[in-house]
Every structure is written in C-alpha cells, then in structure tokens.
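Student: Starting from these lines, generate the structure:
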Amino acid sequence: MESWQEEDLMTMKKNKAIILLTVLVALLLQTACNNSESIPATVTFTEQVAPILYNNCTICHRPGGSAHFSLVTYDECRKNAGSAAYVTKERIMPPWPADPHYTQFVGQRILSERDIKILQQWADEGAPEGPKDKLPALPAYPIGSDIGTPDMRIAVQPYFLKANSTDQFLLVKVPFQLPADTFASLIEFVPGHKNVVHHVNGDMVKYDFYKKTDVFAGDRIVNMVEDTASLLQAFQKLGLPNDDGSYPTLQKSVVNYLPGVVGQKYPEGIGGYFLPRKGAFLFNDLHYGFTNKDDIWDSSYINIFFAKSPPKRPVQEFQIGTLGVAPVEPDLIIQPDSIKHVYSKYTIPADISILTINPHMHLLGKSFKAYALQPNGDTIRLISIPRWDFNWQYFYTFKKMVKIPAGSTIVAEGVYDNTRQNLNNPFSPPQLVRDRNGSMKATDEMFQFIITYLPYEQGDENISLETK
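Tutor: Down below sits the predicted model:
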C-alpha cells in the first residue's frame, strides 16, 4: 500500500512540474508577443503612422476619395495629427458601426489598440516625419469605383439641385444596349455627390430584343415630388413599355446605394445578373437630401462588372420591418422627448444561408441588434450596432455563409432617440416622428433589416465569402 502511495506522490509531483513548465512557456510566449507589439520610444510618420493611415484611412482620405480632406502626404497628416488621435481613440474613425466582438464581417476596418496608441503618441510628440526612405508606397486604388476597374460605365442623366433645396424623389431610367446578351457579377452605383445622394433603389428592365425598337426613347427623369403624374403615367413618360404597349420583365433590387455602402462581390458562381441585349436600369427611388448653400449638378453613374459565366446560384432577398414580411412592433410612432424601443421578427420556413445583411434606420436611430433564435433555443448572432450612425449604413457580408435552420425566428431590435440630446435630431424642439407608410424622407423614420441569402445547400457554412 505504501509503495502505491509513494508512486501516487511521485506522479503528482511530476504533473505539477509539467503544469509549472506549461505556465512558464505560456508566460514567455506572452512576453515575446507583448514585446513584438511594443511601441517604439519615438514614433514617426514614415515608419509607424503612414502604414496605419494607408491601410485604413486613405481609401476615403485621398485625392478623388469620398472624404473632404486628404491624409496622403506628411504635411496633410501632420496638420490633422490631433484630430486623428481623437477620432480613432473614440472609435469614430475608421467608420465601422458594427460591434466586432459580436460578429465579424468581410472588409471591416478596425484599428488595434496598438495602432490607436501609436497615433496618440505621434500627436503628443509633435508629429515627427522620420526617414523619408522609410515611407511606404500608397496603395493603388481604383478610379471611379469602390471595388475595381469596371468593364462598362453608364452615365446617369445629370440632375441640377438648387441651393438649399429640400428632399427630391426621382424616378430615373438609365437605358443600355449591348452587342449581345451577357451576365454581370456586380452592378455598382457611384454617386456624383455623396453628401446629397441619400439612397437609390434600383431594378432592371429586361426587354425582348424585337419587342422594343429604341430603349433610349422617352424621358430619363420624373420628379415624383413636383410631377403630379401617377406611377403608370410616369412609366409611360420614361418610355418603359414595349412598342405594343405591354410591359417588359422587371428584376427587382439589382443596384442599390446607401451612405457608406460598397457593392457586394461574391465568389464566382454566387449572385450575379443576366444582362439582356436591350435593357434599362430603373431607379424606382433616387433620393436627394438637403443641399447646402451652393447649387449642385449631380453626375452619378453605374459601373458594370461582367461575369465569366452565368450565376449558378442567384441570390435572393427579403426584409423585415418597414414594408417587409413582418411588421414593426409596436408601431413606429416616436413621441417628442422620448426613447422608443421597437422590434420585428420573422420565422423562416426553410433552411437558408445568409450572405449579407443591411440594417436601416434614419436620423433618430440610436442602436440596432439582430439575431436568430433556433428551434432548439440556441442563438445565432447576426449584428450589433451599439451606436447607430446614419452616415454609415453598410451592407455587411459575413466571412462565411451563416446557416439559419428552418423554424428559426430572426429578430431585429431597434432603439430611437427623439430627445434634445440626440445631435442628429432633425427637429428642434423635438417633434412627433413616424414611418408614414414607408416614407423614405430622412426626417421620417424607418426600421428595416434586409437579408440577402441562398437556399441552403450542404457545406455552405464552410464557403468563404472573402474575395480578392
């Protein structure tokens, strides 16, 4: 019996030694890791700061970018060192409203704590330049696109906005004719003035070649605010019917835009569109918001990226909330000086694979959260936006498809702030705000959760949606 006890004691000592050795190795690895992440005693623009800004900021802050100032040269960055340190510390920039600890998405721009400390230290030390030969090359950005070099570009009819004009809602036709029928992997809307183009909802008109002689005949724009025409009369003004008066096929939701949105490009064979030889893009709603004191000519355009082959799996879409398959509950009526909580939920009838999601609210939005409750009681996280930002409404694409089993309930929750403390409140003092049957005016409200998906196939959850 004693020999057994001695043997057990020896085993316990040996196990303790192994545990201590494991802990020691872990500590050494952690120390090495921390050292590799340490910040130099002196931080310079060329060695530490430029790589951070070039990888995360100059996609917008460059000549020709969407931001109102550039962060390319040393002088430009030195002038903005203090503000860059502040907005990154407060997680205002780079703009990425979704909580990365809740869900991860393709293309998210989130600075590490080390990057933020480097920018702070650089500003505190007077923003030194550093060795000029250490400056990295600026990334090569596509011209006139957020995605790449398009195969075809079609101009939208330019539109004149008078100074201090209010919301404008337009029906816009953008006709095209191709040498032959083909396919597109992506269709991208690029606003001429991002500060006034609020959103675009765009469909595609598909003509049978011999039923429409001239797709370019008719008006290009009908102003639905100033024009008293009915929708049918507006379609006729735009010259949409076939030559015999019948109407062609309409494919919904082909080209869309919201502030901050970048067109979604999926792996080959997923998504995409058939492009007829004769057709037109129909913006059933192009919304211009308030303009400033200057007159503006907006010259937006459409980029088309052709596909090598027909899409094997066309994507589908549905939305819950305003104008969706499930209502907003309770009614989206927000009293002055109040905080309002709403939700929308929908139980899906079949297995689906979610690719992309798009939460949508207007100026009173405070927070947004969505998830799926499975029949077994487990929760699938979709997105959490703890601090809603009207100016950045991305289409969020998951890194891999997310399977939602049949019988699961997709839930979206929103909070609205109609108080004086909300700096984005369009009314002072606050007024009653509601959805007004899906009104898209920024001063009205909406609550939507748009889901782009595929019918589930075995192995979808292992397919990467990250494209080069």
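
Student: Distance check, the residue nearest to Gly271 when sequence neighbours are not counted against Leu170.
Tutor: Closest residue to Gly271 apart from its sequence neighbours, by C-beta to C-beta, 6 or more residues apart in numbering: Val315 at 4.6 Å. From N, CA and C alone the C-beta is placed, and that goes for glycine too. Counting by C-beta to C-beta, to the nearest Å, the gap from Val315 to Leu170 is 27 Å.

Student: With Leu282 instead?
Tutor: 11 Å.

Student: Check Met224 too.
Tutor: 7 Å.

Student: Who has more neighbours out of these two?
Tutor: Legend: neighbour count by other C-beta atoms under 10 Å for Met224 and Leu170, higher for Leu170 (23 against 16).

Student: residues contacting Tyr207?
Tutor: Neighbouring residues of Tyr207 by C-beta atoms under 8 Å, 6 or more residues apart in numbering: Val215, Asn242, Pro248, Pro276, Lys278, Gly279, Ala280.

Student: name the element the closest residue to Val411 other than its chain neighbours belongs to?
Tutor: Counting by C-beta to C-beta, 6+ apart, the nearest residue to Val411 once its immediate chain neighbours are dropped is Lys345, at 4.5 Å. If you go by DSSP states H and E, Lys345 is part of strand 338-347.

Student: buried set for that strand?
Tutor: Lys340, Val342, Tyr343, Ser344, Lys345, Tyr346 (16 or more other C-beta atoms under 10 Å).

Student: In this structure the third one contacts Ile410, no?
Tutor: When you say that, I think you mean Tyr343. No - contact criterion C-beta atoms under 8 Å: Tyr343 and Ile410 do not qualify, at 10.9 Å.

Student: so what's the closest residue to Phe160 other than its chain neighbours up against?
Tutor: Nearest residue to Phe160, sequence neighbours excluded (C-beta to C-beta, 6+ apart): Trp297, at 5.6 Å. Neighbouring residues of Trp297 by C-beta under 8 Å, 6+ apart: Pro158, Tyr159, Phe160, Leu161, Gly192.

Student: What of Thr249?
Tutor: Residues near Thr249 by C-beta under 8 Å, 6+ apart: Val205, Lys206.

Student: let's see it at 10 Å
Tutor: Contact analysis of Thr249 by C-beta atoms under 10 Å, 6 or more residues apart in numbering lists Met204, Val205, Lys206, Tyr207, Asp208, Phe274, Pro276, Gly279.

Student: got it, and Asp214?
Tutor: Pro175, Gln177, Gly239, Asp243, Lys278.

Student: Which members of these occur in strands, if any?
Tutor: Mapping the contacts of Asp214 onto strands (DSSP state E) picks out Pro175, Gln177, Lys278.

Student: what about the helices in the stretch 1-150 of the chain?
Tutor: Here the stretch 1-150 of the chain has its helices, by DSSP state H, counting those that start in this stretch, at 2-36, 50-56, 74-79, 81-89, 113-124.

Student: For the residue nearest to the spatial centre of the chain, give me the pLDDT.
Tutor: Centroid-nearest residue in the chain, with C-alpha atoms, centre = their mean: Tyr394, separated by 1.5 Å. pLDDT for Tyr394: 89.

Student: Any regions of the protein where pLDDT drops low?
Tutor: For the chain, applying pLDDT under 70 flags the ranges 1-37, 228-229, 468.

Student: In the record's domain split, what are the boundaries for it?
Tutor: 12-141, 152-313, 317-462 (automatic domain parsing).

Student: if we can go back for a sec, which among the contacts of Thr249 end up buried?
Tutor: So, of the contacts of Thr249, Met204, Val205, Lys206, Tyr207, Phe274, Pro276, Gly279 end up buried under the neighbour-count rule (16+ other C-beta under 10 Å).

Student: Against Cys57, how distant is the fourth one?
Tutor: Read it as Tyr207. 44 Å.

Student: Could you do the third one as well?
Tutor: Distance check for Lys206 against Cys57: by C-beta to C-beta, it reads 41 Å.

Student: Could you do the last one as well?
Tutor: The gap separating Gly279 from Cys57 is 38 Å, by C-beta to C-beta.

Student: rewinding a little: may I see the ones in strands among the contacts of Asp214 organised as a markdown table, with distance to Ser253 added?
Tutor: A markdown table is the format used below for those (distance: C-beta to C-beta, whole Å):
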| residue | distance to Ser253 |
| --- | --- |
| Pro175 | 19 |
| Gln177 | 23 |
| Lys278 | 21 |
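
Student: give me every residue that touches Pro136.
Tutor: Residues in contact with Pro136 (C-beta under 10 Å, 6+ apart) are Thr46, Glu47, Ala50, Pro51, Leu53, Tyr54, Asn55.

Student: what do you get for Ile333?
Tutor: Lys340, Val342, Leu432, Val433, Arg434, Asp435, Arg436, Glu445.

Student: Let's have the residues you listed in JSON lines, adding secondary structure and distance to Ala123.
Tutor: Converted to JSON lines, those look like this (DSSP: H, G, I helix; E, B strand; the rest coil; distance: C-beta to C-beta, whole Å):
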{"residue": "Lys340", "secondary structure": "strand", "distance to Ala123": "39"}
{"residue": "Val342", "secondary structure": "strand", "distance to Ala123": "41"}
{"residue": "Leu432", "secondary structure": "coil", "distance to Ala123": "44"}
{"residue": "Val433", "secondary structure": "strand", "distance to Ala123": "39"}
{"residue": "Arg434", "secondary structure": "strand", "distance to Ala123": "44"}
{"residue": "Asp435", "secondary structure": "coil", "distance to Ala123": "44"}
{"residue": "Arg436", "secondary structure": "coil", "distance to Ala123": "46"}
{"residue": "Glu445", "secondary structure": "coil", "distance to Ala123": "38"}
